[in-house]
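Asks: sequence unknown, structure follows:
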Ligand SMILES: NC(=O)C1=CN([C@@H]2O[C@H](COP(=O)(O)OP(=O)(O)OC[C@H]3O[C@@H](n4cnc5c(N)ncnc54)[C@H](O)[C@@H]3O)[C@@H](O)[C@H]2O)C=CC1
Ligand SMILES: O=C(CO)COP(=O)(O)O
């Protein structure tokens, strides 16, 4: 793939991906909706608001002009999930490949982000890039592997070559739904693991939540047409383990606060960066109920986000009738 690469969304992850795309010498057009952020990135070659301390490649140019970004050979979409449809509606449609890098499910429609992208840009090949990828590590050049999923083999192979770097290794997949469901669901489960940490419930409980959470992810994924091996790969289990283990995760950190007894509403009101699991949880629960899939951990996270008492919610989760593991 020759030519520029567009990155839409200049938060931590969009900025880190811009840095990856610039590694191979591509001109990178990084769109932000906030004019002050555009000016600051271009003046300082740093995104101090969302990815502080990382000197950005001179190949990256921030912009507020979506039409200029749309002329690039491919567009990586990295807005918060619930904002994606509105931003894509403003993006000129050139049939350019669109790569969904956000993790979530659209409220109201229950659509995955790739489905939202297809709705808005039916002529574009749509791909999904997902995996265990803390932005600050990727931006510093630490080794990272991702799933790059897409139905169009040619577009996917071209994009993989364009973004692969010695520290950044994309694995190809044709399972778009599976790649997306892993990333969306793990954010909800990371909140649950944070709660366990904040409430001091111990490492056994955290490991049990990861395992039972993975069972939930798999049940939901299979019901939606995902492949089991995708859910067990980078974008599913890999990302689940990463985000359930570290306060570097915004979702895990949100859970820690809830586990310590802080009100979820206050924690969310005081955040500047996005914790997608808080938006995904109620949508996921609705989608699971519509599909007839039981997701008790997701339901527990929803109760906690609605202000439920931690001890009561955990007690209810553990008091459910005994059942077979599989
Ligand atoms: N930070 C990370 O390590 C990773 C994040 N992701 C996903 O990438 C997506 C973006 O996350 P981050 O970049 O980390 O978020 P962030 O919280 O660092 O930044 C969000 C960006 O979106 C902008 N924004 C907020 N509302 C908007 C709207 N209505 N329209 C357009 N732009 C808007 C903000 O101004 C900011 O530039 C999320 O879905 C997240 O789950 C995926 C992998 C890694
Ligand atoms: O998706 C991520 C890592 O793969 C980032 O997780 P958080 O959004 O919880 O920080």
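Replies: Great, that's in hand. All values derive from a computational prediction rather than experimental measurement. Ligands and ions are numbered 1, 2, ... in the order given.
Asks: Can you give the domain ranges for this protein?
Replies: By the record's domain assignment, the chain is partitioned as 5-174, 177-318 (automatic domain parsing).
Asks: Just give me how far the last one sits from the chain centre.
Replies: Per Cα atoms, centre = their mean, to the nearest Å, the displacement of domain 177-318 from the mean C-alpha position of its chain is 13 Å.
Asks: what's the straight distance from one end of it to the other?
Replies: One end of domain 177-318 sits 31 Å from the other (Cα to Cα, to the nearest Å).
Asks: any idea of the mean pLDDT for it?
Replies: In this model, domain 177-318 has an average pLDDT of 97.
Asks: do the longest one as well
Replies: In this model, domain 5-174 has an average pLDDT of 97.
Asks: Can that domain be said to contact ligand 1?
Replies: Yes - against ligand 1, domain 5-174 shows contacts by Cβ under 6 Å from any ligand atom at 9-14, 32-34, 50, 78-81, 83, 87, 101-104, 133-135. Glycine gets a C-beta too; all of them are placed from N, C-alpha and C.
Asks: Can you classify residue 196 as helix, strand or coil?
Replies: On the three-state scheme (DSSP: H, G, I helix; E, B strand; the rest coil), residue 196 is labelled helix.
Asks: close enough to count as contact, it and residue 204?
Replies: No - with contact defined as Cβ atoms under 8 Å, residue 196 does not reach residue 204; the gap is 9.5 Å.
Asks: Could you check which of these two has the larger neighbour count?
Replies: Under the criterion of other Cβ atoms under 10 Å, the comparison of residue 196 against residue 204 puts residue 196 first, with 25 against 9.
Asks: what sits against the more buried one?
Replies: Contacts of residue 196 were listed using Cβ atoms under 8 Å, 6 or more residues apart in numbering, and they are 202, 205, 206, 209, 255, 259.
Asks: Out of the residues you listed, name the two that are farthest from one another.
Replies: Greatest spatial distance among these (Cβ to Cβ): 202 and 255, at 14.7 Å.
Asks: quick one, which of these two is more surrounded?
Replies: Per other Cβ under 10 Å, whichever of residue 202 and residue 255 has more neighbours is residue 255, with 33 against 11.
Asks: Phi first, then psi, for residue 126.
Replies: Note on residue 126: backbone dihedrals following degrees, to the nearest 10 are phi -110, psi 130.
Asks: Not counting its own residues, what contacts stretch 206-218?
Replies: Stretch 206-218 is contacted by residues 181-182, 185-186, 189, 192-193, 196-197, 228, 231, 236-237, 240-241, 244, 294-298 when judged by Cβ under 8 Å, 6+ apart.
Asks: Buried residues in it, which are they?
Replies: 206, 209, 210, 212, 213, 214, 216, 217, 218 (16 or more other Cβ atoms under 10 Å).
Asks: No more questions from me, cheers.
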